[in-house]
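> Please find the sequence and the predicted model below.
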Amino acid sequence: QVHLVESGGGLVQAGGSLRLSCAASGGTFSSLTMGWFRQAPRKEREFVAAISWGTSVTYYSDSVKGRFTISRDNTKNTVYLQMNSLKPEDTAVYYCAASSTRWTNLEIDFHEWGQGTQVSVDS
């Protein structure tokens, strides 16, 4: 079983940047597709970005494409989400998740989840 711990959330002004990190333990990180999801108040959880194992193919939601970048460091068992040009609508709890499915951005395929980290963007 993989244990995921997110960090890096906080309060930032609109237009600012944050980098989220997710450290994994207890599994074979290099064989996991890693994803970021978010849930805003009174909204359903939604997909943000994912990076596959192996060739590190990346996927992004339309709402963050061009502003957010997902990356991974298999030597550190860590996945990152660099968030630039943040908007108030990016305010949410951000969750890291892991999947054994190689190429996916479907929430149903992600079977391990972190506890989440709050990102708040002030206008």
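All right, it came through fine.
> dump the residue contacts of the most centrally placed residue in the chain.
Closest residue to the average C-alpha location of the chain: W36 at 2.3 Å, with Cα atoms, centre = their mean. Residues near W36 by Cβ atoms under 8 Å, 6 or more residues apart in numbering: 20, 22, 48-50, 70, 79, 81, 94-97. From N, CA and C alone the C-beta is placed, and that goes for glycine too.
> now those as CSV including secondary structure, pLDDT and distance to Q115?
Listed next are those as CSV, based on DSSP: H, G, I helix; E, B strand; the rest coil; pLDDT from 0 to 100; distance: Cβ to Cβ, whole Å:
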residue, secondary structure, pLDDT, distance to Q115
L20, strand, 98, 13
C22, strand, 98, 11
V48, strand, 98, 16
A49, strand, 98, 19
A50, strand, 97, 19
I70, strand, 98, 19
V79, strand, 98, 15
L81, strand, 98, 16
Y94, strand, 98, 11
Y95, strand, 98, 8
C96, strand, 98, 9
A97, strand, 98, 11
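> Identify each of the strands in the chain and give its residue range.
3-7, 10-13, 18-25, 33-39, 46-51, 58-60, 68-73, 78-83, 92-99, 112-113, 117-122 (DSSP state E).
> which residues sit against the third one?
Residues lying outside strand 18-25 but in contact with it, judged by Cβ under 8 Å, 6+ apart, are 2-10, 12, 32, 34, 36, 76-83, 86, 94, 96, 98, 114, 117, 119.
> ok, the nearest residue to the residue nearest to the centre of the chain once chain neighbours are set aside to Q82 distance?
With sequence-adjacent residues excluded and distances taken as Cβ to Cβ, 6 or more residues apart in numbering, W36 is closest to V48, at 4.3 Å. Separation of V48 from Q82 (Cβ to Cβ, to the nearest Å): 12 Å.
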